[in-house]
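1. give me coordinates for this.
(chains A, B, C and D)
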2 protein chains.
Amino acid sequence: MKPTIYDIAKLAGVSTATVSKVFNRTGNISEATRSKVLRISRELKYQPSMVASALAGKNTYSLGLLIPDLVNPFFAELARHVEDRAHALGYNLIICNTDNDINKEIQYIQLLRQKSVDGIIVATGVRDDDALKELIHQQVPVVLVAREMSMLAVSTVLTDDFVGGYNAASHLLELGHRRIGLVAESMTVSSSKERVRGCRYALEEAGVPYDDKLLAVSDFSVAGGKEAAAGLLREEPTAIFACNDLLAIGVMQAAKEAGLAIPSELSVIGFDNTILATITDPPMTTIAQPIRAIGHQVVDLITREINGEQVVKQRVVLLPELIRRGSTAARSE
Amino acid sequence: MKPTIYDIAKLAGVSTATVSKVFNRTGNISEATRSKVLRISRELKYQPSMVASALAGKNTYSLGLLIPDLVNPFFAELARHVEDRAHALGYNLIICNTDNDINKEIQYIQLLRQKSVDGIIVATGVRDDDALKELIHQQVPVVLVAREMSMLAVSTVLTDDFVGGYNAASHLLELGHRRIGLVAESMTVSSSKERVRGCRYALEEAGVPYDDKLLAVSDFSVAGGKEAAAGLLREEPTAIFACNDLLAIGVMQAAKEAGLAIPSELSVIGFDNTILATITDPPMTTIAQPIRAIGHQVVDLITREINGEQVVKQRVVLLPELIRRGSTAARSE
DNA sequence: TTGAAAGCGCTAACAG
DNA sequence: CTGTTAGCGCTTTCAA
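-> Down below sits the predicted model:
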C-alpha cells in the first residue's frame, strides 16, 4: 500500500498534524522533527495525496483548458505556452478539445467542475453564454482567451484583431496594392470580424473603394481557404489577406493551381504566425499573435483570481506585429 | 456553498447511501426514490465531487500524457487522438510537455502520482528507466507509445519503423533512385534507428552499395534538417529520405536554396504524415504513421489495465503506409 | 513546538 | 429496497 501521513507520523513518533505541517511549511516545527519527518518520508517514498488534501479544503492545482482542436497549430502553440506557465506555477493542465461543439463544451465544463479544477481557461467559441454565466455565478475562476465577450464579468486576454487587420492591409497598401481580396474565417466570430474591419478601415483611409466581391467567407481549414480563394481569384486581386495562416495556405495553393506566382503575381498575407507560416514556399508574411505572451498572461490572471488576489476583472489586449517574409511583394502590374 | 450528497439526501428524505447509489447505478433503487433524488439534484444543480469519490476509493478518471512538445505537430495530433479516445471512455487528459528533459519527466511523474491519476501514457524519450520502473513497481498503469523498451514489463504501442524505412526506400528504388541520402533524427532513439535500418535493408536487398557519407544525423527540427541536408547535397544524391516530416521540410528548403527542383532534380520523402506534409510545395510524399489508431490503442490498453481486465502486457505494432504525393518522382538523369 | 480531533464529500459493507 | 456507519488521507483549529 502507498504510505500515508499516518505511516510517517507513526515512524517518526509524531502526530499527523506535525507531518502535515512540515510538508506545508506551516506552523512552527523544530528543525529536529522536521528533518526526521523528511528523512522517513524519503525512505518510504512518501508522496502526499493531492486528492485528500483537495478534499480537506485545499486547491486541486489543476486547470482546465477548452480549445477547439489541438491539431490546429495555433491552439497547439497556445496550449503549449499555457501549459508551460501553469507548470511553472505548480498547476497541471487538463486539455479539452471541443471542436467548437456546444454540447462538448457543456459536457467538459461539467466534468471539470466535478473534478474541482481551480479554474477554467476558455479559448473556444462558446456561443452559449449560459454555461459560462453559470460558472461565474458559481464562483469558478474563468478567463477567456481571444474572444470578445465584454458583457460578462470575466477577465479576457486577446490580440487586437482590428489593429492586426489594419496592419495587414497597410502593409499591402504600402506595397502598392489596391485590389485586395479578403478571406474571412467566419463573420460571426468576433476575432475574424475585427480583422476584416481593421482591414477595411485601412482601405477606406487610403481611399480604396470597397468591393463586396472581394470578401469571401470560409471555415478555418486549408481546404476552405483554397476554395474561397479560387472564387476570389476571378476578381483579379493583386493581393489577398487571409484571416489565419491555415486559410492563407489554402490561398497560396489556389494561386499556384491558377498559375499565379507568389509573390510576384499575387501577394498573400496571413494571420497568427504559427509554425506553418515558416514552412510554406515562399515563407509567409503574416501578422503575428503574441501567442506566448497570451498564454502566460491568461495563466497569471487566472491564478491570481484563484488566490483571491484579483478583484478587478480586466481585459488585456496585446498588440500583433507584422512579420515580413516572402509571400508579399510590391505590386508589379 | 456547493451542494453535497447530504443536502440532496436531506431534501429527498433519504440517506446519503441511497443518493450515492442512484448516481452510481449500484444496488437496487426503486424508480420512485430514484427520480426524486434526480429531480432534487437537478434543482440544486448538484455535481458529485470526484475528489471525494476518488478519496473514497474510486478512480480519478484522469490520465497523464507525457510528450516532448505539443508544438511538434506529430505530438499535437497524437495528443488529440489520445484525448478523443480518453474522453469517450470518461477520462480526462493531463498534458505534460517534457522537452525530453529527464528532470521535467521525473517531476511530472511525481506530480501525476500525487494527483493519483489512474494511468500514465509515456510518449517521451525517457532515458532513465528508473522512473518508469518505479512506477511499474508501484502498480501504476503505464503504457508506452512509439518507444521500444522491451525489457520492461509494460505494454507498448508503436509503428513498425523498420517497415516504414523499408517502404520509403523501396518507393525511392522503384522510382529508379540509387543514390539515396538519409537524414536521421538521432541514432540513439530507437524509432529513428529502425527507420534507418529498414531503409538500409531495402538498399542492400536491391544491391545498392552502402555509402556512409549519405547519412546525416540531426535533431528533430526544420533547421536541423536543412543543415543536415545542405551537407548531404554535396554528395549529389537523387533522393533523400528524412526520418520525419519536420526534417523533410528542412531538406526541401535546403534543396530549394541549392537551386534543386523537387521532385524533378531531387526526390524527398518524409515520415509521420502530419498536417505539415499536406502543405508543403509540392505536397510531401511520406510514410504515414497511423496516429489515430495509435492514440486509440494506447488508451484502450491503459484503461483495460486500469480496470484490471488486462493481465498480459503486450506490444502492439501498427504498420505504416506510403502516402504518395508530389515530392518524389522517377529519377531523371 | 506539538497533538487531539473534527471534518472535507463520498463509498461500501452490513444490517434491517 | 434503504439506512447506518466506518473509513479514504489530509488540514486545521484549539489546547496543551
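2. all helices of chain A, in order?
-> With DSSP state H as the criterion, chain A has helices at A:5-12, A:16-24, A:31-43, A:50-55, A:73-88, A:102-114, A:129-137, A:161-174, A:190-205, A:222-233, A:245-257, A:276-279, A:291-306.
3. ranking these by mean neighbour count, which comes first?
-> helix A:245-257 (a mean of 25; mean count of other CB atoms under 10 Å in any protein chain shown). Placement of C-beta: from N, CA and C, glycine included.
4. quick check, that helix touching chain B?
-> Yes - interface with chain B: helix A:245-257 contributes A:I249, A:M252, A:Q253, A:K256 (CB under 8 Å from any CB of the partner chain).
5. could you do stretch A:258-274 as well?
-> No - Stretch A:258-274 is not in contact with chain B by CB under 8 Å from any CB; minimum separation 9.1 Å.
6. what of stretch A:302-319?
-> No - against chain B, stretch A:302-319 shows no contacts by CB under 8 Å from any CB, the least distance being 15.8 Å.
7. just how off-centre is that stretch within its chain?
-> The chain centre lies 16 Å from the centre of stretch A:302-319; the measure is CA atoms, centre = their mean, to the nearest Å.
8. distance between the ends of that stretch?
-> 21 Å (CA to CA, to the nearest Å).
9. mind listing what's buried in that stretch?
-> Neighbour counts using 16 or more other CB atoms under 10 Å in any protein chain shown place A:I302, A:T303, A:E305, A:I306, A:Q310, A:K313, A:L318 of stretch A:302-319 among the buried residues.
10. nearest to DNA strand C, of those residues?
-> For the buried residues of stretch A:302-319, the minimum distance to DNA strand C (CB to the nearest atom of the strand) is 17.6 Å, reached by A:I306.
11. who's in contact with the closest one?
-> Counting by CB atoms under 8 Å, 6 or more residues apart in numbering or on different chains, A:I306 makes contact with A:N59, A:D118, A:G119, A:P141.
12. dig out what the third one forms beta bridges with.
-> So the one you mean is A:G119. Beta-bridge partners recorded for A:G119 (DSSP bridges): A:L63.
13. the worst-scoring helix or strand of chain A on mean pLDDT packs against which elements?
-> When the helices and strands of chain A are scored by mean pLDDT, DSSP states H and E, helix A:129-137 comes last with a mean of 86. Helices and strands touching helix A:129-137, by 3 or more CB pairs under 8 Å, 6 or more residues apart in numbering or on different chains; DSSP states H and E, are helix A:102-114, strand A:142-145.
14. could you count how many residues lie near the closest residue to chain B within the stretch 201-333 of chain A?
-> Using CB to the nearest CB, the closest approach of the stretch 201-333 of chain A to chain B is made by A:D281 at 4.4 Å. Neighbour count of A:D281, defined by other CB atoms under 10 Å in any protein chain shown: 19.
15. which one is it nearest to, not counting chain neighbours?
-> What sits nearest to A:D281 in space, not counting adjacent residues and going by CB to CB, 6 or more residues apart in numbering or on different chains, is B:D281, at 4.4 Å.
16. quick check: that neighbour touching A:P283?
-> No - contact criterion CB atoms under 8 Å: B:D281 and A:P283 do not qualify, at 11.3 Å.
17. what residues does the stretch 151-300 of chain A have near chain B?
-> A:V222, A:I249, A:M252, A:Q253, A:K256, A:I275, A:L276, A:T278, A:I279, A:T280, A:D281.
18. if I look at the third one, what pLDDT would I see?
-> Going back to what we said before, that points to A:M252. Note on A:M252: pLDDT of 95.
19. picking up where we left off before, between the helices of chain A, which gets the lowest average pLDDT?
-> helix A:129-137 (a mean of 86).
20. residue contacts, the residue lying closest to A:Q110 once chain neighbours are set aside?
-> Distances taken as CB to CB, 6+ apart place B:Q47 nearest to A:Q110, at 6.8 Å, with adjacent residues excluded. B:Q47 sits next to A:Q110, A:R113, A:Q114, B:K2 when contact means CB under 8 Å, 6+ apart.
21. redo the residues of the stretch 151-300 of chain A next to chain B as CSV? Include distance to A:S267.
-> What follows is those, written out as CSV (distance: CB to CB, whole Å):
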residue, distance to A:S267
A:V222, 19
A:I249, 15
A:M252, 11
A:Q253, 15
A:K256, 14
A:I275, 21
A:L276, 18
A:T278, 18
A:I279, 19
A:T280, 13
A:D281, 15
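22. identify the farthest-apart pair in those.
-> Spatial extent of those (CB to CB) is set by the pair A:K256 and A:I275 at 20.6 Å.
23. how about the most centrally placed residue in chain A, what does it touch?
-> With distances taken as CA atoms, centre = their mean, the residue of chain A nearest its centroid is A:L78 (4.4 Å). Residues near A:L78 by CB under 8 Å, 6+ apart: A:I67, A:A123, A:V145, A:I291, A:I294, A:G295.
24. check A:A56 too.
-> A:A56 neighbours (CB under 8 Å, 6+ apart): none.
25. what distance do you get for it to B:A52?
-> To B:A52, A:A56 is 11 Å away according to CB to CB, to the nearest Å.
26. same check, this time on A:L203
-> Distance from A:L203 to B:A52, by CB to CB: 58 Å.
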